[in-house]
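Colleague: Turn this into a structure:
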Amino acid sequence: MEYEINSYKPGKIICVGMNYKSHISEQDGRFPDKPVLFCKANSCIIKNKDEIIYPDEVKELDYEVELAVIIGKTMKNIKSCDAIDYVYGYTIINDVTARDIQSSESQWFRAKSFDTFGPIGPRIIPADKIKNPQNLKLRSYVNGELRQDSDTNDMIFKIFDLVSFISFSMTLEAGDLIATGTPAGVGLFMEKKSLLKPGDEIICEIEHIGKLINKVICLR
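Modeller: Numbering: from 1, shown residues only. All right, here's what the predicted structure looks like:
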C-alpha cells in the first residue's frame, strides 16, 4: 500500500502527550509512568501550505512540531521488537492547540480538534528510507524565529514501544497516524509567553522529511 500525502487522510489520529524530557522540564517536571494518549479528529487535517484558521472562541493558539508514524497494516498485540514491520512511514504533524480551551476543560480532544488544527506533510517517507527514526533533528519556527530545536532521541517512550503499547489497547489499521510528542519551546511555556496570532507563519521541520509550512489566518 502506498500513500500520497495530498490524498492521504488518517483513520485514527492517536497523539502522545508529555513525551519529551525537555517538554516535561519546561512544565512541572513530573514524568509520566505510562504514555499519555489522546486523540485528534481526522477532520482537522490540512496539508502543507494550507491555512490554519484561528477560531473565534480561541484566545491562546499554539504550535507543536511532532514526528508522525503512519501504520501500514492491521496490528494488534504486537511486541516492540516487531512493531517496525507494521510501520508504513513517517511524516510531520503540527499539533495545533487551543491552550485556553485545553486548560479550562477536563479533556484535550476539543482543544486539539478544531478544523485545520492538524497540518501534516510535506511528504510521507517510507520506513525503510529512514535508518533510525529515533535520531532525527526536529525544529519549529514562527515567522523565521527558531522556537523548538531538539532530537527524537529525547523521547521518554520510544517510537516502537509506543506503537506496541497502543496496539495492546486497540487494533491499529492501515492509515492510522500516531503523533509521538513535542519537545520544549512551545509558545505557552516560553519565558515570555509567545502564542500564535493571525498572519504568523509556522514552519515545522524534521530531518529527512522536510518542512511543513502553514500560515494562521482569521476569518472574523
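Colleague: so where is this protein shaky, pLDDT-wise?
Modeller: Low-confidence segments of the chain (pLDDT under 70): 1-2.
Colleague: In it, where's the longest helix?
Modeller: The longest helix of the chain (DSSP state H) is helix 159-167.
Colleague: What residues of the helix or strand residue 202 falls within count as buried?
Modeller: Here residue 202 sits within strand 201-206, counting by DSSP states H and E. Neighbour-count burial for strand 201-206, counted by 16 or more other CB atoms under 10 Å, picks out 202, 203, 204, 205, 206. Just so you know, the C-beta spots here come from the backbone N, C-alpha and C atoms, and that holds for glycine as well.
Colleague: And for stretch 99-119?
Modeller: Within stretch 99-119, the residues that count as buried by 16+ other CB under 10 Å are 99-102, 108, 111-114, 116-119.
Colleague: Quick one: neighbours of residue 146, just the number.
Modeller: Other residues lying near residue 146 total 12 when counted by other CB atoms under 10 Å.
Colleague: show me the contacts for it.
Modeller: Contacts for residue 146 (CB atoms under 8 Å, 6 or more residues apart in numbering) come out as 139, 140.
Colleague: my guess is it is in a strand, correct?
Modeller: Yes: under DSSP: H, G, I helix; E, B strand; the rest coil, residue 146 falls within a strand.
Colleague: Next one: it from residue 137, what distance?
Modeller: Going from residue 146 to residue 137 by CB to CB, to the nearest Å gives 12 Å.
Colleague: again with residue 182
Modeller: 14 Å.
Colleague: swap in residue 27?
Modeller: In terms of CB to CB, residue 27 sits 22 Å off from residue 137.
Colleague: next one: residue 13
Modeller: Distance from residue 13 to residue 137, counting by CB to CB: 24 Å.
Colleague: ranges for the helices of this structure?
Modeller: Counting by DSSP H, the helices of the chain are 21-25, 99-104, 109-112, 159-167.
Colleague: Adding distance to residue 84, write the ones you listed out as a markdown table.
Modeller: Output for those, formatted as a markdown table (distance: least, CB to CB, whole Å):
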| stretch | distance to residue 84 |
| --- | --- |
| helix 21-25 | 23 |
| helix 99-104 | 32 |
| helix 109-112 | 27 |
| helix 159-167 | 6 |
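Colleague: Figure out which of these is closest to residue 193.
Modeller: Between residue 193 and the helices of the chain, the tightest spacing by CB to CB is seen for helix 99-104, at 9.2 Å.
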